[in-house]
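S.K.: After the sequence you'll find the predicted model.
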Amino acid sequence: MPTTRDDPSLALMAALALARLHRGLPLWTTLAPPLAMAGLLAALVAAEPAATRDAVWDHWLGLTLYLWAALAPVAAGLYAVGAHQSDEDARRVMYTYAFPRRRVLFADVLALAALWTGGALLLAALVCLAALAHGAPSDTGPAVAGALMPVLAALPVLVLCAVAARAWGVAGAVCTGSAGMLFGALLGDKPYWWAFPPAWPTRSAIPIAGTRGIGGYLAPDSPVFDPGVLPVIAAASLALTALLLAAGARYTDRTEVHR
């Protein structure tokens, strides 16, 4: 009869993966961007005179949420690199057991998504504190949505980077994430954004950020500010994540073990 050691559950493997990822690059990727962005937002607003502080707050709040979304693909690449480096030896050992190798991939993605969500919640909490200190409690809702929605929209990129790391190593994850960030930011406000999944995080941030921060090159009545696109992005992201996990599972199950 197989024991837990011979056939560990997905929950146990995800917990073990999360324990391996709580330091190094994954930890820095989780903590550094929210702290830097929220700190910059608070410092810039605090340094402004009272007469212009509200305008600066509106501009930099929108820009902070927009940058958080635009950087999502490269963050996915960094998470995948950290996972690849932290559990390469453990993965080689686990591949020798009888349970399906795809479970290792699923556990890594779950652990990385949990870390990333933690970073998004940290950003949301810090921006909400800044909003309350500024006297703008109505901005706490957009802060939470703007922090969490890009992570949900970027889940397919996270899976793609995780599989790329398995296929081509660190270079595969870095190139996938970097290219996704570059082209995603360029295509996020284009009519054909839907055809390029790395653009989905940026596209999801535009209705939340509104004209603040990005109103210089988009008309206030532009259809890209319609929040009705958010449920579409969420559903498409979850569906594509499931498809990519299925394809990644097939690839992982057929991967040879290199000693």
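M.R.: Cool, the structure landed. Numbering: from 1, shown residues only.
S.K.: where does the stretch 101-250 of the chain have low pLDDT?
M.R.: Applying pLDDT under 70 to the stretch 101-250 of the chain picks out residues 211-218.
S.K.: all helices for it, in order.
M.R.: Ranges of helices within the stretch 101-250 of the chain are 102-134, 140-153, 155-168, 170-187, 200-209, 229-253, based on DSSP state H, counting those that start in this stretch.
S.K.: wait, which of the ones you listed is closest to Pro34?
M.R.: Comparison of the helices of the stretch 101-250 of the chain against Pro34 by C-beta to C-beta identifies helix 102-134 as nearest, at 3.6 Å. Where C-beta positions appear, they are placed from N, C-alpha and C, glycine not excepted.
S.K.: just the helices of the stretch 101-250 of the chain: most buried one?
M.R.: helix 200-209 (a mean of 27; mean count of other C-beta atoms under 10 Å).
S.K.: pull the CA atoms of that helix into PDB?
M.R.: The C-alpha trace of helix 200-209 is given here as PDB (Å, rounded to 0.1, in the frame of the first residue of the first chain):
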ATOM      1  CA  TRP A 200      -3.700  41.000 -20.300                       C
ATOM      2  CA  PRO A 201      -2.200  42.300 -17.000                       C
ATOM      3  CA  THR A 202      -1.600  45.700 -18.500                       C
ATOM      4  CA  ARG A 203      -5.100  45.700 -20.200                       C
ATOM      5  CA  SER A 204      -6.700  44.800 -16.800                       C
ATOM      6  CA  ALA A 205      -5.000  47.700 -15.000                       C
ATOM      7  CA  ILE A 206      -6.200  50.400 -17.400                       C
ATOM      8  CA  PRO A 207      -9.900  50.500 -16.400                       C
ATOM      9  CA  ILE A 208      -8.900  50.300 -12.700                       C
ATOM     10  CA  ALA A 209      -6.200  53.100 -12.900                       C
END
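S.K.: got the angle for it vs helix 229-253?
M.R.: When axes from the mean of the first three to the mean of the last three C-alpha atoms, to 10 degrees is applied, the directions of helix 200-209 and helix 229-253 differ by 160 degrees.
S.K.: what's the nearest residue to Cys128 if we skip its chain neighbours?
M.R.: Excluding its sequence neighbours, the residue lying closest to Cys128 (C-beta to C-beta, 6 or more residues apart in numbering) is Thr140, at 4.4 Å.
S.K.: Ala136 contacts Trp57, doesn't it?
M.R.: Yes: assessed by C-beta atoms under 8 Å, Ala136 is found in contact with Trp57 at 6.6 Å.
S.K.: Those two: which is more packed in?
M.R.: A count of neighbours by other C-beta atoms under 10 Å puts Trp57 above the other of Ala136 and Trp57, at 22 against 17.
S.K.: which SSE is that one in?
M.R.: Element membership for Trp57 (DSSP states H and E) is helix 50-70.
S.K.: tell me which residues in that helix are buried?
M.R.: By neighbour count with 16 or more other C-beta atoms under 10 Å, helix 50-70 contains the buried residues 53, 56-70.
S.K.: Who are the contact partners of the residue positioned nearest the centre of the chain?
M.R.: In the chain, the residue lying closest to the centroid (C-alpha atoms, centre = their mean) is Val151, at 3.7 Å. Val151 makes contact with 72, 113, 116-117, 120, 201, according to C-beta atoms under 8 Å, 6 or more residues apart in numbering.
S.K.: cool, Gly172 as well?
M.R.: Here Gly172 is in contact with 161, 164-165 (C-beta under 8 Å, 6+ apart).
S.K.: Reformat those residues as TSV; add distance to Ala234.
M.R.: Listed next are the contacts of Gly172 as TSV, based on distance: C-beta to C-beta, whole Å:
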residue	distance to Ala234
Cys161	20
Ala164	24
Ala165	25
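S.K.: From those, pick the one nearest Ser222.
M.R.: Cys161 (30.7 Å).
S.K.: hang on, Val163 packs against Gly248?
M.R.: Yes: assessed by C-beta under 8 Å, Val163 is found in contact with Gly248 at 4.1 Å.
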